[in-house]
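Participant: sequence plus the predicted model coming up.
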Amino acid sequence: MEDRLKELRKVTSTLEQNGIHYTLGGSGLLYALNLVSIVNDFDLTTEANKEEVIRVLSLLV
């Protein structure tokens, strides 16, 4: 789980550094709230346009 959280932090930090606001949902949110012990995935939602998100996430590669 620690590796998955480390990767999530990389993604969210990159989004934040580039001014993209997001919210966490799904089982990742439930895990963060200590409501479940197993995470299937982390769902991030944003109102940023697709092209901007792709540009910013390409910085991770």
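Facilitator: Structure's in. What do you need?
Participant: which parts of the chain are helices?
Facilitator: 2-17, 26-32, 50-57 (DSSP state H).
Participant: Phe42 is nearest to which of those helices?
Facilitator: With C-beta to C-beta, the closest approach to Phe42 among the helices of the chain belongs to helix 26-32: 3.6 Å. Placement of C-beta: from N, CA and C, glycine included.
Participant: would you turn the helices of the chain into TSV with distance to Val39 and mean neighbour count?
Facilitator: Formatted as TSV, those follow (distance: least, C-beta to C-beta, whole Å; neighbours: other C-beta atoms under 10 Å):
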stretch	distance to Val39	mean neighbour count
helix 2-17	7	12
helix 26-32	5	16
helix 50-57	20	13
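Participant: how much space separates Asn34 from Lys6?
Facilitator: 19 Å (C-beta to C-beta, to the nearest Å).
Participant: could you do Gly28 as well?
Facilitator: To Lys6, Gly28 is 14 Å away according to C-beta to C-beta.
Participant: equivalent analysis for Lys50, please.
Facilitator: Using C-beta to C-beta, one gets 26 Å for the distance from Lys50 to Lys6.
Participant: likewise for Val61?
Facilitator: 17 Å.
Participant: about what we covered before: make TSV out of the helices of the chain and add distance to Asn40.
Facilitator: TSV is the format used below for the helices of the chain (distance: least, C-beta to C-beta, whole Å):
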stretch	distance to Asn40
helix 2-17	11
helix 26-32	5
helix 50-57	21
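Participant: make CSV out of those helices and add mean pLDDT.
Facilitator: CSV is the format used below for the helices of the chain (pLDDT from 0 to 100):
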stretch, mean pLDDT
helix 2-17, 93
helix 26-32, 91
helix 50-57, 97
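Participant: quick one: closest of the ones you listed to Ile38.
Facilitator: Per C-beta to C-beta, nearest to Ile38 of these: helix 26-32, 7.1 Å.
Participant: test my guess that Ile38 contacts Leu30.
Facilitator: No. Between Ile38 and Leu30 there is no contact under C-beta atoms under 8 Å: 9.3 Å.
Participant: now Ile38: phi and psi?
Facilitator: phi -120, psi 130 (degrees, to the nearest 10).
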